[in-house]
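>>> what's the 3D shape of this:
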Amino acid sequence: MNEKNKGLLWGTLIGSIAGSITALLFAPKAGTELRQDISDGAKLVTERSQDLATKITDQSSQFSAKVVEKTEGIIQEFRSIGKTKPVFVTVSSLSSEEEEANLEESILAEINKINESK
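Sure, this is the predicted structure:
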């Protein structure tokens with residue numbers, strides 16, 4: 001899980017807790033009702049946090065699977081290269097232009113190594 005997702009998770013958690021406690025403390029209720037409401041609110045925050053963590057984990061797993069799939073395809077492409085066969089690789093399904101540029105640089109470097117070894 002990257003730092004941005006961790007920050008979002010913590011911000012959501014802390015904001016939910018603070019909002020719940022503030023709302024409960026300013027509501028005119030008896031002590032037992034207030035304690036029960038705080039307990040219910042804490043359970044709700046816990047459930048929502050677990051749901052959010054599950055979603056983030058699922059999205060991270062899906063992204064990781066895509067990267068592995070693309071990497072395996074590229075590796076297979078390089079393994080199938082003959083001495084005179086040109087290489088064409090697409091990087092359109094990566095998530096950012098920076099990742100595409102880094103991958104393209106890596107591929108070009110590998111192609112140059114192959115061409116120099118001929």
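>>> just give me the longest helix of the protein.
helix 31-79 (DSSP state H).
>>> residue closest to the middle of this structure?
S60 (3.7 Å; CA atoms, centre = their mean).
>>> neighbours of R79, just the number please.
7 (other CB atoms under 10 Å). All C-beta spots, glycine's among them, are computed from the backbone N, C-alpha and C.
>>> counting neighbours, what do you get for L108?
Around L108 there are 12 residues (other CB under 10 Å).
>>> can you pull out the low-pLDDT segments for the protein?
1-4, 24, 27, 29, 81-96, 115, 117-118 (pLDDT under 70).
>>> tell me which residue lies farthest from the centre of it.
Most remote from the centre of the chain, using CA atoms, centre = their mean: A30, at 43.7 Å.
>>> coming back round to it: which elements pack onto the longest helix of the chain?
Helix 31-79 makes packing contacts with helix 3-26, helix 97-116 when contacts are defined by 3 or more CB pairs under 8 Å, 6 or more residues apart in numbering; DSSP states H and E.
>>> just to revisit the earlier point, dump the residue contacts of the residue farthest from the centre of the chain.
With CB atoms under 8 Å, 6 or more residues apart in numbering as the criterion, no residue contacts A30.
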